[in-house]
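> Here is a sequence together with a model predicted from it:
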Amino acid sequence: MFSLILAAALLTDPVATPVTLPSGPAPLHGTLLTPGGPTRAAALIIAGSGPTDANALAAARPDARLTIWQGVNHLLKLAPADRAANIATYSDPTLALAPGVVGDVAGFILQPRRTSAD
């Protein structure tokens with residue numbers, strides 16, 4: 001249902017590339033932002049269930065960490081595959097983030113990295 005790149009920093013001006021993914025009754029349209037040149041910024045690619053370009057993103061950025069959260073929607077909540085039930089999660093503030101979301105993102109952010117001084 002989604003893919004997202006979290007980067008520690010973008011060190012170059014991004015390049016915008018239009019993307020279209022087949023999905024349900026209508027295709028999903030969006031813009032993929034990628035670094036405009038070499039960067040050493042850490043990247044976490046996160047994908048949920050459903051159509052995604054996560055594998056293509058990971059192939060383009062082999063040093064990135066790819067994480068798949070099955071059954072997780074755009075709000076990072078567990079959501080059923082049924083469309084109406086999934087949409088209902090968007091207006092339910094009592095639902096917590098899906099298991100693993102906080103740990104995966106925090107682990108990525110807190111992961112020690114080499115700096116140019118190392």
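Right, received. Where do you want to start?
> Next SSE downstream of the helix or strand of the chain with the lowest mean pLDDT?
One helix or strand of the chain scores below all others by mean pLDDT, DSSP states H and E: strand 3-7, with a mean of 46. Downstream of strand 3-7, the next assigned helix or strand under DSSP states H and E is strand 14-21.
> quick one: strands adjacent to that next one?
Looking at strand 14-21 with DSSP bridges, its partner strands are strand 28-35 (antiparallel).
> right, and residue 100 touches residue 69 too?
Yes. Using CB atoms under 8 Å, residue 100 is in contact with residue 69, at 6.3 Å. The C-beta positions use only the backbone N, C-alpha and C, and glycine is treated the same way.
> And those two? Which one has more around it.
residue 69 (20 against 14; other CB atoms under 10 Å).
> Name the nearest residue to that one, ignoring sequence neighbours.
residue 48 (5.3 Å; CB to CB, 6 or more residues apart in numbering).
> Can you get me a residue count around that neighbour?
22.
> Same check on the one 4 residues further on?
Neighbours of residue 52 under the rule other CB under 10 Å: 20.
> measure it to residue 32 for me?
Applying CB to CB, to the nearest Å, the value for residue 52 to residue 32 is 12 Å.
> do the same with residue 65
In terms of CB to CB, residue 65 sits 18 Å off from residue 32.
> In terms of secondary structure, what does the helix ranked longest in the chain contact?
Criterion DSSP state H: the longest helix present in the chain is helix 101-110. In terms of contacts (3 or more CB pairs under 8 Å, 6 or more residues apart in numbering; DSSP states H and E), helix 101-110 is packed against strand 3-7, strand 43-48, strand 65-69.
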